[in-house]
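Asker: based on what follows, work out the 3D shape:
(chains A and B)
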There are 2 protein chains.
Amino acid sequence: MPGKKRGKQTVVFHNPPVITSSASIVGPDEGKGPFGSYFDQVLPDYMFGEKTWEKAESKMLREAVKLAINKANLKEDDIEVILAGDLLNQTISANYAARDLSLPLLGLYGACSTMAESLLLGAMLVDGGFFSKVVAATSSHHHTAERQFRFPTEQGVQPTVTTQWTATAAGAVVLQSEGSGPRITAATVGKVVDMGQKDMSNMGSAMAPAAVDTIKAHLDDLKRSPDYYDLILTGDLGKIGKAIAEELFVVKGIVPKPFYNDCGVLLYDENQDVNAGGSGCGCAACMLCGPLLKKMQEGSLKKLLLVATGALMSPTSMFQGESIPCVAHAVAVEMN
Amino acid sequence: MPGKKRGKQTVVFHNPPVITSSASIVGPDEGKGPFGSYFDQVLPDYMFGEKTWEKAESKMLREAVKLAINKANLKEDDIEVILAGDLLNQTISANYAARDLSLPLLGLYGACSTMAESLLLGAMLVDGGFFSKVVAATSSHHHTAERQFRFPTEQGVQPTVTTQWTATAAGAVVLQSEGSGPRITAATVGKVVDMGQKDMSNMGSAMAPAAVDTIKAHLDDLKRSPDYYDLILTGDLGKIGKAIAEELFVVKGIVPKPFYNDCGVLLYDENQDVNAGGSGCGCAACMLCGPLLKKMQEGSLKKLLLVATGALMSPTSMFQGESIPCVAHAVAVEMN
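Answerer: Have a look, this model is predicted:
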């Protein structure tokens, strides 16, 4: 049997791990968007019964994980390891969720690329024969991210037109070696790409080159045409980043034009006041764990390439004159 | 062939990945400690020719990775993926290092447990057949950590006796599917353990229960006696945490008493003013990548269980009344 590595950055799975269940919990604004009915739970407010936004985010992640485990007809104790991370310093949402669940944790930091990173590592751990039941999960929260990365919401700073709205959302999947459901068939680990962008309010344009770099590596490594996929979906480039990505597809010679969209563009309605679109780990996570996997289960979507994109942006390094390094990881999800 | 999973949290490797090279770079104080001569490079100051401590830390990590690759007689382009993280918000040391090296990055956050987390995940990726040449690396820097987690050094706040000194150090290993050198034979993924400790200046006592929990899981899962190992070495419990761990060994029924020590105790001399001892991702990393792996190469150490310990401490969650969740991952390294 040939090895699992393909080309420079891509692996294929010999026994493609199965996404046996998924769960998504979103905030009030995400619930009002075009996919509102696809999410398992829409919160009526940003607090989720907690005293702080940070505690609300961690609860959202924990409850999404519990729901996914429950939907897979498993007990929490059946899960061997959880791969999770989030946007917050020290990934506190994931840490406190794993503490409350009493599960072994492999903590990740990939900024908004975390859903793809957790999926691809989880799939490697299952296909590699180490574990047979793992959870991949992530979350983000509008107000915790604003407080940490930009300005506290209470300060009322006017966003620019390039600003993206961090999604309040959590998504979790159970990955198993056996079972029925969509399978993770291949994955590409992204390089850190930094084109010198220094504007913390324009992450879409910073991330677009990383997304296209990973998509090109994926297609080249697997010698695939873009139309192999019914949908190539980036994580959270938003309107501006998506437009740049579409130009870069041409520049990089990615033809035919892929069936392409972006979670940050899809998550909200045109009339919702989210400027350039959605962002945050939860953006790709809730879109995958809600509408996309449901469409795969229904049979209306067969082959998806999810390319979650992360701006590894740090207020500290920005103040020191650094630019924003970005990364994108790609995961191929296929339904027979 | 039986599977790779053992017990609840442990895996064994069928083709144990080889640590074909390692590199360590440390700060001036670490160079003055008892293992100073074992490190590849001792910096004369904390700046490493850079304008900020943060840039110095990232350079230290990058240069350690480059040195490890060089010592393995490989080119940077031969490395398929780097698994790395650090203590800083958004893991900027790892991100900028991976950007400068132009390598695919899987970003981790395990606080001071990162060296073990990167080793165990790297070993899974190699033994699982996905990659054959990966780098596992981490770093910490005294002044960047103080600025972020406690008080900026310039403020001159008096440390307490329980405070630990974040090591200025970086360590990197090259893991390969083939070659000669110490091998990673087994690993245990730790649970998040939180005993309610809320003192950010007493991390050793917060982390000790997590360390002992993982050591017990490891020994139970593999049905091993502690004296299987020539040395069980925790990452950075320091003097206070080590004493607590030794009491917990008794409570947990871990007999015979293991050949046990702690990197935070070993890294500095008694007369160095580091209060309760060393800490930081770099503490376990430089001890492994310097003296320990050299002793294994020389044959004076055969079987090591490295248990890197992380306090997943967040100033934000501390201000919100939360306690410090901790995690420890264990990696068995053996030399034939």
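
Asker: okay, CA-based contacts and neighbour counts for the rest of this
Answerer: Will do.

Asker: quick one: the helices in chain A?
Answerer: For chain A, applying DSSP state H gives helices covering A:28-31, A:53-71, A:92-101, A:114-127, A:142-149, A:203-222, A:238-251, A:263-266, A:281-287, A:293-298, A:315-319.

Asker: next, format those as a markdown table and append mean pLDDT.
Answerer: A markdown table is the format used below for the helices of chain A (pLDDT from 0 to 100):
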| stretch | mean pLDDT |
| --- | --- |
| helix A:28-31 | 98 |
| helix A:53-71 | 98 |
| helix A:92-101 | 97 |
| helix A:114-127 | 98 |
| helix A:142-149 | 95 |
| helix A:203-222 | 98 |
| helix A:238-251 | 98 |
| helix A:263-266 | 98 |
| helix A:281-287 | 98 |
| helix A:293-298 | 97 |
| helix A:315-319 | 94 |
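
Asker: which one of those helices is the most hemmed in?
Answerer: helix A:281-287 (a mean of 34; mean count of other C-alpha atoms under 10 Å in any protein chain shown).

Asker: export the helices of chain A to TSV and tack on distance to residue B:327?
Answerer: Putting these into TSV (distance: least, C-alpha to C-alpha, whole Å) gives the following:
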stretch	distance to residue B:327
helix A:28-31	33
helix A:53-71	17
helix A:92-101	9
helix A:114-127	18
helix A:142-149	24
helix A:203-222	32
helix A:238-251	36
helix A:263-266	33
helix A:281-287	23
helix A:293-298	32
helix A:315-319	26
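
Asker: so which of the ones you listed is nearest residue B:202?
Answerer: Among the helices of chain A, helix A:92-101 comes nearest to residue B:202, with 18.9 Å by C-alpha to C-alpha.

Asker: and that closest one, what does it pack onto?
Answerer: In terms of contacts (3 or more C-alpha pairs under 8 Å, 6 or more residues apart in numbering or on different chains; DSSP states H and E), helix A:92-101 is packed against helix A:53-71, strand A:81-86, strand A:105-107.

Asker: residues in contact with that helix: which ones?
Answerer: Applying C-alpha atoms under 8 Å, 6 or more residues apart in numbering or on different chains, the external contacts of helix A:92-101 come out as A:54-55, A:57-59, A:61-62, A:76, A:82, A:84-86, A:104-105, A:107, A:138-139, B:191-194, B:312, B:314, B:317, B:325.

Asker: quick one: distance of it to the chain centre.
Answerer: Relative to its parent chain, helix A:92-101 has a centroid offset of 18 Å by C-alpha atoms, centre = their mean, to the nearest Å.

Asker: re the thing from before, want to throw the helices and strands packed on helix A:92-101 into a markdown table with distance to residue A:205?
Answerer: Shown next, in a markdown table, are the helices and strands packed on helix A:92-101 (distance: least, C-alpha to C-alpha, whole Å):
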| stretch | distance to residue A:205 |
| --- | --- |
| helix A:53-71 | 27 |
| strand A:81-86 | 21 |
| strand A:105-107 | 27 |
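
Asker: which one of the ones you listed lies closest to chain B?
Answerer: strand A:105-107 (5.0 Å; C-alpha to the nearest C-alpha).

Asker: and the closest one, how far from the chain's centre?
Answerer: On C-alpha atoms, centre = their mean, the centre of strand A:105-107 falls 16 Å from that of its chain.

Asker: contacts for it?
Answerer: With contact meaning C-alpha under 8 Å, 6+ apart, strand A:105-107 is reached by A:81-85, A:91, A:94-95, A:98, B:108-110, B:117, B:189-192, B:327.

Asker: measure residue A:249 to chain B for me?
Answerer: Going from residue A:249 to chain B by C-alpha to the nearest C-alpha, to the nearest Å gives 20 Å.

Asker: whoops, residue A:230 was the one
Answerer: Residue A:230 is 26 Å from chain B, by C-alpha to the nearest C-alpha.

Asker: show me what the nearest residue to that residue once chain neighbours are set aside is bridged to.
Answerer: Leaving aside its sequence neighbours, residue A:230 sits nearest to residue A:303 (C-alpha to C-alpha, 6 or more residues apart in numbering or on different chains; 5.3 Å). Beta bridges link residue A:303 to residue A:334, judged by DSSP bridges.

Asker: which parts of the stretch 201-336 of chain A sit against chain B?
Answerer: Residues of the stretch 201-336 of chain A lying close to chain B by C-alpha under 8 Å from any C-alpha of the partner chain are A:312, A:313, A:314, A:317, A:320, A:325, A:327.

Asker: now the two most distant members of the residues you listed.
Answerer: A:320 and A:327 (20.6 Å).

Asker: the two: which has the busier surroundings?
Answerer: residue A:327 (35 against 13; other C-alpha atoms under 10 Å in any protein chain shown).
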